[in-house]
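Asks: Following is a predicted model, sequence given first.
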Amino acid sequence: MSLTEAEAIADIIDKYIGSARTGSARRMREIWLDHARIVGTFDGQPVNRTADAFSERIGQSGGAPNVRGRAVSIGRSGPAATACIEIEDWDGVRSTDLFALFKADGRWRVAGKVFDAHARR
């Protein structure tokens, strides 16, 4: 994977974390493909949301100023990519997010996210 492509994927992750930090629904929505789904567990309960619903929820909950995140791994094959992200202190929650990304029209976007919110402070 070229450095340029890795940087472009890392930029999506930075926008995701930044949107969580500021509570910007608009900025969060920009990183997702239209049909993207967010599926996982939160407090042991299943979550299954559209990108619109997820982004709206971010805007409603406001920012999480202490959230931190980092990519543990990024992989790519042509226009498809994956990223594993460790998130800490998103309103006291620690989670692992697995992104599936797709590049269309020269732009990387998230096609889906599977996650596990596995710990609280």
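Replies: Right, received. Where do you want to start?

Asks: Local confidence estimate at residue 120?
Replies: Turning to residue 120, the model gives it a pLDDT of 77.

Asks: ok, it - how many residues close by?
Replies: 10 (other C-beta atoms under 10 Å). The C-beta positions use only the backbone N, C-alpha and C, and glycine is treated the same way.

Asks: For beta bridges, what are the partners of it?
Replies: Counting by DSSP bridges, residue 120 is bridged to residue 93.

Asks: Who are the contact partners of it?
Replies: 92, 93, 94 (C-beta atoms under 8 Å, 6 or more residues apart in numbering).

Asks: Considering these, which is situated nearest to residue 47?
Replies: Here the nearest of the contacts of residue 120 to residue 47, counting by C-beta to C-beta, is residue 93; it sits at 12.1 Å.

Asks: What's the separation between that closest one and residue 34?
Replies: Going from residue 93 to residue 34 by C-beta to C-beta, to the nearest Å gives 27 Å.

Asks: swap in residue 23?
Replies: 22 Å.

Asks: returning to what we had before: so residue 93 and residue 34 - more neighbours on which side?
Replies: Neighbours per residue (other C-beta under 10 Å) separate residue 93 from residue 34, with residue 93 holding more: 17 against 10.
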